[in-house]
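S.K.: My questions concern the predicted model and sequence given below.
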Amino acid sequence: MKRTEGAGMAESLGNLPRLWDRFWFSAIDPRAVGRVKQSFAVLAGLMFFSGLFWAPSWLAADGWFGLQAGRYFIGQGMPDTGSQYRWSVLYWLTTSGVAQALCVGGILSCLAMFLGVGGRVAPLLAWAGLIMLHHRAPWLTLSAEFLACAGLFYLIITPAGPGSIGTLYWLEKPRAHPSWGASVLGNLSLHCLQIHWLLWIGMSLASMLGQTAWWDGTALAVLSEQGAGWLGKLTRESWASQGVGTFLIALQFSTLMCLSNRTLRGLGILLTVLLGLAWTILASDWLLGLTACCYASAFAPYTALETPEQEKI
Amino acid sequence: MESKRHDNSSDEALGERAFPGWLKLLVSLLLVVHFGLIGLTYFSNNSLKRMPIADQLLQKCHPYLIGLGWYTELLPMSLVGSESYDKPVGIDYKTDRDSRTWTSWIESESEGVRWKRLAQLIGALATNEDEEGLGQIALSLVRQARSSGLEFDQIRFTTKDPDSTGRLKLYQATIVPLVSGELTLVPEIEQTRTVPGSRTMTP
């Protein structure tokens, strides 16, 4: 019987709920999330460690970005700025010691997250620490820190228990008993990371495409004038600036396309790492480069769960 | 991404036990709303002008977007935000008001990422002629300097003039200590011609 185009279209649309359900609500091997958790723990730990060197001097009451300036720039007292939703202990306890303590607490929570202890509490504390640094000085927040906060938030979704243990997990063969091994929440967490990264890459690419500076080489020259990048001073509209700028656009576009396609997902992961490397070289933003690698780990394939029958063989 | 699956139905059955139908619907709605708001926030960052409806929606969702750190309004979506304010900024000071010599204090291109972010902020404020904002930053820097034992009388922000080797002044102010011990800044006003030309009338 010949299948009509209409029937094919109807079948395709009818499959959407099942595909949605499989994408978000199927169970995965929790070790995949454990690996991503460890990479974000390293990333956030490095952010808190670098915070020890800038947060106390910048965010104290009389710091480089003092309390009065901080309150002004979040729009405190002005309508419709949302300033009342910016919560941070650094608005009430304004000494440099508190900023230091916040960073040390963040490092400890990242260590716990890496070792797989503390369940959901460890990523929650790491996220809260980063958020408080961000809320105290939103204008000073880096792109990598925004993305790290998002990643930590999604990782809070993953369940506590042996399925989310980091280091210790790798020493054990996973038991295939469904009540233990399966992790629907881990699947949710992983796919939230993937979608968030794709959104970021896509919107960042749209921003670049909308600015002529990225097409005529000005953007790279501006970065070099700011003292960023490892390529030295680039002149505006030079062949080098234009070429590298176009290469970066093409690389970001290719990364987005490959990550969105299951068949090319492996290539997409490699391109993401390459993109991170490009950001490190062109903007001296090694944190953003590392963040790209962390999000790339969320796209890495995970091993299939064994059914109880196969375990007995 | 799914790799080898020995039994798709087994995984789906596990999902069904963990998530009943009504919970799946609720979570699905939350996911759609969450990523919709994220996408709208990022899109609004890119746009030169926001749609009014997008602006209203984002404002209504401030508790969620700002409270949980999703709001990236203050962050450029690409490495370079805008050529008009993504320039290196120099901060100079004078210890004596009558002196003609400015001492270079901080050059953002030689400093770390936080100074570069502050330079972007200074550039954006200067582009928008926000003297109050510039004054807040200057006052903050002056207070920090004083706490380190460095007292100066005037402060200014400059940037490199792309058309010449000189520098463009973005902001300049004089520091005035108040009786209470607090500090305030008096920005320098640009000199303008205020006296109109005269006209003689013939009878």
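M.R.: Yep, it's here.
S.K.: Spatially nearest residue to whatever residue of chain A ends up closest to chain B, not counting backbone neighbours?
M.R.: For chain A and chain B, the shortest gap (CB to the nearest CB) falls at A:Gly227, measuring 3.2 Å. Just so you know, the C-beta spots here come from the backbone N, C-alpha and C atoms, and that holds for glycine as well. Closest residue to A:Gly227 apart from its sequence neighbours, by CB to CB, 6 or more residues apart in numbering or on different chains: B:Glu109 at 3.2 Å.
S.K.: Stretch B:120-137: which residues count as buried?
M.R.: By neighbour count on 16 or more other CB atoms under 10 Å in any protein chain shown, the buried set for stretch B:120-137 is B:120-126, B:131, B:133-137.
S.K.: Save those residues as a markdown table, and put in secondary structure too.
M.R.: Output for the buried residues of stretch B:120-137, formatted as a markdown table (DSSP: H, G, I helix; E, B strand; the rest coil):
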| residue | secondary structure |
| --- | --- |
| B:Gln120 | helix |
| B:Leu121 | helix |
| B:Ile122 | helix |
| B:Gly123 | helix |
| B:Ala124 | helix |
| B:Leu125 | helix |
| B:Ala126 | helix |
| B:Glu131 | helix |
| B:Gly133 | helix |
| B:Leu134 | helix |
| B:Gly135 | helix |
| B:Gln136 | helix |
| B:Ile137 | helix |
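S.K.: show me which of those neighbour chain A.
M.R.: Filtering the buried residues of stretch B:120-137 for proximity to chain A by CB under 8 Å from any CB of the partner chain leaves B:121, B:133, B:136-137.
S.K.: Where does the prediction get shaky in the chain?
M.R.: Defaulting to chain A. A:1-3, A:160-182, A:303-313 (pLDDT under 70).
S.K.: Actually, chain B is the one I wanted.
M.R.: B:1-18, B:46-49, B:73-74, B:81-84, B:162-164, B:190-203.
S.K.: And the strands in it?
M.R.: If DSSP state E is used as the criterion, the strands of chain B fall at B:89-94, B:103-107, B:154-160, B:167-177, B:183-187.
S.K.: Switch the ones you listed over to a markdown table; also include mean neighbour count.
M.R.: Formatted as a markdown table, the strands of chain B follow (neighbours: other CB atoms under 10 Å in any protein chain shown):
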| stretch | mean neighbour count |
| --- | --- |
| strand B:89-94 | 22 |
| strand B:103-107 | 14 |
| strand B:154-160 | 21 |
| strand B:167-177 | 17 |
| strand B:183-187 | 15 |
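S.K.: As TSV, those with distance to chain A would be great.
M.R.: Listed next are these as TSV, based on distance: least, CB to the nearest CB, whole Å:
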stretch	distance to chain A
strand B:89-94	9
strand B:103-107	8
strand B:154-160	7
strand B:167-177	13
strand B:183-187	11
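S.K.: wait, which of the ones you listed is closest to B:Tyr42?
M.R.: Closest approach to B:Tyr42 among these (CB to CB): strand B:89-94, 26.9 Å.
S.K.: Other residues contacting the closest one?
M.R.: By CB atoms under 8 Å, 6 or more residues apart in numbering or on different chains, the surrounding residues in contact with strand B:89-94 are B:101-108, B:118-119, B:122-123, B:141, B:145, B:150, B:152-160, B:167, B:170.
S.K.: Surely A:Leu111 and A:Ala41 touch.
M.R.: Yes. With contact defined as CB atoms under 8 Å, A:Leu111 reaches A:Ala41; the gap is 7.4 Å.
S.K.: Neighbour count: these two, which is higher?
M.R.: Taking other CB atoms under 10 Å in any protein chain shown, A:Leu111 and A:Ala41 do not tie; A:Ala41 has more neighbours (25 against 16).
S.K.: can you pull the contacts of that one?
M.R.: A:110-111, A:113-114, A:122-123, A:126, A:166.
S.K.: Filter these down to the ones in helices?
M.R.: When DSSP state H is applied, the contacts of A:Ala41 are split such that A:110-111, A:113-114, A:122-123, A:126 fall in helices.
S.K.: can you tell me which two in these are farthest apart?
M.R.: For these, the maximum inter-member distance is 12.0 Å, found between A:Leu111 and A:Pro123 (CB to CB).
S.K.: The nearest residue to A:Phe299 once chain neighbours are set aside: neighbour count?
M.R.: Nearest non-adjacent residue to A:Phe299, counting by CB to CB, 6+ apart: A:Ile269, 5.3 Å away. A:Ile269: 22 surrounding residues under other CB under 10 Å.
S.K.: A:Ile269 and A:Tyr295 touch, don't they?
M.R.: No. Look at A:Ile269 against A:Tyr295 with CB under 8 Å: they stay out of range, at 9.7 Å.
S.K.: Please look at the residue nearest to A:Gly227 and A:Glu225 and confirm they touch.
M.R.: Yes. Counting by CB under 8 Å, B:Glu109 touches A:Glu225, with 6.9 Å between them.
S.K.: where do the contact lists of those two overlap?
M.R.: B:Pro88.
S.K.: Quick check: the residue of chain B nearest chain A.
M.R.: Chain B approaches chain A most closely through B:Glu109 (3.2 Å), counting by CB to the nearest CB.
S.K.: Any buried residues in stretch B:76-92, and which?
M.R.: B:76-83, B:85-92.
S.K.: farthest pair in the residues you listed?
M.R.: Of all pairs in the buried residues of stretch B:76-92, the most separated under CB to CB is B:Met77 and B:Asp92 at 32.1 Å.
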